[in-house]
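Asks: Based on what follows, work out the 3D shape:
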Amino acid sequence: MKTNLLFTLFGIGILALVILGMQSDYQDVSKLETHIDLAYYIGPDADPDKHKLDLYLPENKASAPILLWIHGGAWVTGSRKQEAALAKNLVAKGVGVAVMSYRLSKGTWMNPDFQGTAQHPDHIQDCARAFKWLRDQAATYGYDPSQLFVGGYSAGGHLSALLCMDEQYLKAEGLQFSDVKGAVPMAGAYDMVHYYNGHVESNGKEMADAHVLGVFGDLADVKKASPTEYIDHSIVPMLVISETDTYDLTKVLEEQVPDKKHIEFYHVRDKNHNELYFDLVRNPESEHTQKIADFLFHLTSGGE
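Replies: Coordinates of the predicted model:
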């Protein structure tokens, strides 16, 4: 898969520009409850756009699983707005979705306009803040705070896995692993040193440094940002989903958790990184969206 590494986690960043702000025409959302541009962090350093989320709730919100969804974009591009169609397809299946934005890193290696200033752990700290807000606001919006999940695609897949494998970010917000009902990381990388080395080999050190070190810092920090570093502490049930481009990246995690029954893997064999994302966004009958919903409802109903 080495020749595909360039297009795995940040191919979705280019894709995001195509569907940014896209609204779903593929589902009847007449019974959808929508709350847009909610600030999940209001500290003195709050970003007026990135520290916000959009909340989509189904009719059955009081008993529904509520999924905090983290967008992709190589940690340097993307927005909650690009995820509206995906969220609505899940809501049509009875799943509540809170789509968050987060601070972005500099990505001039991809596009000269990507001038973000965030660096790890800024992104994951924002994810923990959004999860905290979602738990705190349950009574306001009428959902169950004990049924909160986290997931994401591409860079969001990495961040969702890290949030529920390295507990320090939840603890910083007064939370713990038991506050997360489950997680659905999709099409991500989980051993970030392996990811960096793959880019060095396939795309050159200059690009690897600009991309990976530009987001995470030096290699010691890259290692600390790897969900694989925290496998022994992992207790949150997870459905880890790959596609053809990220299969090898996901296998690195799968090979390290053979005795972890709470982590299951689902490999999509007939779609690449962009194709799977488009299927989730544009196909209301997607078997892969249904797989996510089934996993969430299984845990919501008390399954293990």
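
Asks: which residues does the spatially closest residue to residue 115 that is not a sequence neighbour contact?
Replies: Of all residues not flanking residue 115 in the chain, residue 106 sits nearest, at 6.2 Å (Cβ to Cβ, 6 or more residues apart in numbering). (Each C-beta comes from the backbone N, C-alpha and C, glycine too.) Applying Cβ atoms under 8 Å, 6 or more residues apart in numbering to residue 106 gives the contacts 76, 114, 115, 116, 117, 214.

Asks: correct me, but the first one touches residue 215?
Replies: Yes. Residue 76 is in contact with residue 215 according to Cβ atoms under 8 Å; the separation is 7.2 Å.

Asks: so what's in contact with the two at the same time?
Replies: residue 105.

Asks: where do the helices sit along the stretch 201-304 of the chain?
Replies: Ranges of helices in the stretch 201-304 of the chain, per DSSP state H, counting those that start in this stretch, are 205-208, 214-216, 219-224, 247-254, 273-282, 287-300.

Asks: Quick one: closest of the ones you listed to residue 137.
Replies: helix 287-300 (18.6 Å; Cβ to Cβ).

Asks: Show me which residues of that closest one are buried.
Replies: By neighbour count, with 16 or more other Cβ atoms under 10 Å as the criterion, the buried positions of helix 287-300 are 288, 289, 292, 293, 295, 296, 297, 299, 300.

Asks: got it, and stretch 61-75?
Replies: So for stretch 61-75, counting by 16+ other Cβ under 10 Å, buried means 61, 64-75.

Asks: Can you pick out the most distant pair from those?
Replies: 61 and 74 (32.5 Å).

Asks: thinking residue 179 is in contact with residue 173, fair?
Replies: No. Look at residue 179 against residue 173 with Cβ under 8 Å: they stay out of range, at 9.3 Å.

Asks: And what about the residue nearest the centre of the chain, helix, strand or coil?
Replies: Centroid check for the chain by Cα atoms, centre = their mean gives residue 152 as the closest residue, at 2.0 Å. Judged by DSSP: H, G, I helix; E, B strand; the rest coil, the three-state class of residue 152 is strand.

Asks: which residues does it form a beta bridge with?
Replies: When assigned by DSSP bridges, residue 152 has beta-bridge partners residue 70, residue 185.

Asks: Spit out the contact partners of it.
Replies: Residues in contact with residue 152 (Cβ under 8 Å, 6+ apart) are 69, 70, 71, 72, 158, 159, 160, 184, 185, 186, 188.

Asks: rerun that using 7 Å as the cut-off
Replies: Residue 152 makes contact with 69, 70, 71, 72, 159, 160, 185, 186, according to Cβ atoms under 7 Å, 6 or more residues apart in numbering.

Asks: again, but for residue 166
Replies: residue 230.

Asks: State the helix or strand in which it lies.
Replies: Using DSSP states H and E, residue 166 sits within no helix or strand.

Asks: Next one: it relative to residue 98, how far apart?
Replies: Using Cβ to Cβ, to the nearest Å, residue 166 is found at 21 Å from residue 98.

Asks: Just give me the neighbour total for the closest residue in space to residue 244 that isn't next to it in sequence.
Replies: Using Cβ to Cβ, 6+ apart and skipping residues adjacent in sequence, the residue nearest residue 244 is residue 272, 4.9 Å away. Neighbour count of residue 272, defined by other Cβ atoms under 10 Å: 18.

Asks: could I get the contacts of residue 152 as CSV with pLDDT and distance to residue 45?
Replies: Converted to CSV, the contacts of residue 152 look like this (pLDDT from 0 to 100; distance: Cβ to Cβ, whole Å):
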residue, pLDDT, distance to residue 45
69, 98, 24
70, 98, 20
71, 97, 21
72, 95, 25
159, 98, 20
160, 98, 24
185, 98, 28
186, 98, 30
